[in-house]
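Student: using only what follows, build the 3D model:
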Amino acid sequence: MTRKLNNETDSEFNYLANIADLISAFLFIVLIALAFMAVQLYMSDEAHHELPKLAEQLGELEKQVKELSVENKSFKEETQSWEKIKAERDAYASRLISLSAAEEDLKSQRTELQKKMRVSLEELESMPGKILGANLARTSLLKQIESKLREEGIQIQIEPSTGVLRLPEDAITFESGSANLREKYKKRLFTLGRALSSELKCYEPSGVANSSCLEINPMGYTLDAVFIEGHTDNKPFGGDTTGRLNLALSTERANTIYSELKKTNAELFSFKNPKGQQLFSLSGYGEERPLEGHKHEVPTSDEANRRIEIRFVMATPELSEQEFDSLKKKIEAVNEF
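Tutor: Presented below is the predicted three-dimensional model:
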């Protein structure tokens, strides 16, 4: 019976122990809960004090966000601008490539043209070189005559490009409305004829072969014609306003020079061109060819325009049939290109 009681006591004790354990556990949980609440309350109180500072930080953050937004917008604009520049650069590069290709094409065309236009030295001497040589020979002739007359105190003017030797008013001139020469001009004309006779003999067929002419005209170029040309000013002659009387007057002046030269230098009129025709002839232009700087709108007595000019025309160098065909083919080839 005592053992039974002991067992019952043990059982009861164990039960209470279990209850105590439960109560202890409960109290521990409550204590933890109270501690958590206390911490929360403490933290809430601390947070309350930190709110102004947090708000300030938040405002600063918002400001930074706005600044970043502006910078981002600016960056986007710069990016778009850069993309535009890049596109323009690419377009420019493409254009450069096109221009380079065009340049190469032009170079190729120029090279091809140069090939078609290239003429050997022999062809140059035998075709256009002959014409150029004739013009150079005429220039040399004019300069020789000019030099001889200058030595005699007579100043003339020459135009190599047109082959003209001009006798200005201070060399030989006429009175207004007259075709007569004063004595001093006749003396100058004699000197002119002597210089012409000395030089022209090396430019006509019978003289080019003479040894004395080889240095003067080594290629043997010849003259086709020498024209004595008369001119007047624009003052009406004899009251005629049509210009016909001035035309007749200019022709008469040329005839005066022609006749005087023939009278004092007959040798000049023995010179022939390659066709056997006489070199010298004459023509009159009236008032139609005034000198540069001497063109007048109203009738003017201008002795500079009352002048005589002598025009030298070279015989055209003859080309052989082979030379002519070669030149023709080259011209056609260039035209086709």
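
Student: where exactly do the strands run in the stretch 51-200 of the chain?
Tutor: For the stretch 51-200 of the chain, the strands defined by DSSP state E, counting those that start in this stretch cover 157-159, 164-167.

Student: with respect to Lys73, which of those lies nearest?
Tutor: Lys73 sits nearest to strand 157-159 of all the strands of the stretch 51-200 of the chain, at 77.9 Å, using C-beta to C-beta. Every residue, glycine included, has its C-beta placed from N, CA and C.

Student: related to what we said a few turns ago, please identify the most buried of the strands of the stretch 51-200 of the chain.
Tutor: For these, the largest average neighbour count (mean count of other C-beta atoms under 10 Å) is found in strand 164-167, namely a mean of 19.

Student: how close does Glu77 get to Glu83?
Tutor: 11 Å (C-beta to C-beta, to the nearest Å).

Student: now do Gly238
Tutor: On the measure of C-beta to C-beta, Gly238 and Glu83 end up 88 Å apart.

Student: likewise for Glu67?
Tutor: 24 Å.

Student: ok, Ile257 next?
Tutor: 85 Å.

Student: what's the answer for Glu152, then?
Tutor: Between Glu152 and Glu83 the computed distance is 85 Å (C-beta to C-beta).

Student: just Arg89 next, same as before
Tutor: As judged by C-beta to C-beta, Arg89 and Glu83 stand 11 Å apart.

Student: repeat that for Leu214.
Tutor: 81 Å.

Student: mind checking which of the two has more residues around it?
Tutor: Ranked by neighbour count (other C-beta atoms under 10 Å), Leu214 and Glu83 place Leu214 first, with 13 against 10.

Student: got the phi and psi for that one?
Tutor: Phi and psi for Leu214, reported as degrees, to the nearest 10, are phi -60, psi -40.

Student: please apply the same query to the one 3 residues further on.
Tutor: With angles defined as degrees, to the nearest 10, Asn217 shows backbone torsions of phi -140, psi 70.

Student: so it sits against Cys202, correct?
Tutor: Yes - Asn217 lies in contact with Cys202 (C-beta atoms under 8 Å); the separation is 4.7 Å.

Student: which neighbours do these two have in common?
Tutor: Common neighbours of Asn217 and Cys202, using C-beta atoms under 8 Å, 6 or more residues apart in numbering, are Val208.

Student: between the two, which has more neighbouring residues?
Tutor: Ranked by neighbour count (other C-beta under 10 Å), Asn217 and Cys202 place Cys202 first, with 23 against 19.

Student: quick one: residues contacting the more buried one.
Tutor: Per C-beta under 8 Å, 6+ apart, neighbours of Cys202: 208, 210, 212-213, 216-217.

Student: hang on, the earlier thing: with mean pLDDT and distance to Lys148 as added columns, please give the strands of the stretch 51-200 of the chain in a markdown table.
Tutor: As requested, the strands of the stretch 51-200 of the chain are exported to a markdown table (pLDDT from 0 to 100; distance: least, C-beta to C-beta, whole Å):
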| stretch | mean pLDDT | distance to Lys148 |
| --- | --- | --- |
| strand 157-159 | 94 | 12 |
| strand 164-167 | 95 | 12 |
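
Student: identify whichever of those strands lies nearest to Ala195.
Tutor: The nearest among these, by C-beta to C-beta, is strand 164-167 at 10.0 Å.

Student: isn't Asn234 up against Asn305?
Tutor: Yes - between Asn234 and Asn305 there is a contact under C-beta under 8 Å: 7.3 Å.

Student: overlap in contacts, the two.
Tutor: By C-beta under 8 Å, 6+ apart, the residues touching both Asn234 and Asn305 are 287, 290.

Student: next, count neighbours for Arg188.
Tutor: By the criterion of other C-beta under 10 Å, Arg188 has 18 neighbours.

Student: can you tell me the SS state at Ile228?
Tutor: strand (DSSP: H, G, I helix; E, B strand; the rest coil).

Student: and it, how far from Glu67?
Tutor: Taking C-beta to C-beta, one finds Ile228 at 99 Å from Glu67.

Student: these two - which one has more neighbours?
Tutor: Taking other C-beta under 10 Å, Ile228 and Glu67 do not tie; Ile228 has more neighbours (22 against 10).

Student: quick check: which ranges of this structure have low pLDDT?
Tutor: Across the chain, residues meeting the criterion (pLDDT under 70) sit at 1-62, 64-66, 68-72, 75-76, 110-129, 317-337.

Student: can you pull out the helices in it?
Tutor: Counting by DSSP state H, the chain has helices at residues 2-117, 121-126, 128-151, 183-200, 244-264, 321-336.

Student: for the fifth one, packing partners?
Tutor: This means helix 244-264. helix 183-200, strand 223-230, strand 280-284, strand 308-314 (3 or more C-beta pairs under 8 Å, 6 or more residues apart in numbering; DSSP states H and E).

Student: residues making contact with the third one?
Tutor: Just to be clear, that refers to strand 280-284. For strand 280-284, contacts defined as C-beta under 8 Å, 6+ apart pick out 225-231, 247-255, 257-258, 261-262, 268-269, 271.

Student: whichever of those residues end up buried, select them in PyMOL.
Tutor: Selecting only the buried entries of the contacts of strand 280-284 in PyMOL, with 16 or more other C-beta atoms under 10 Å as the criterion:
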select buried, resi 226+227+228+229+230+231+247+248+249+250+251+252+253+254+257+258+261+268+271
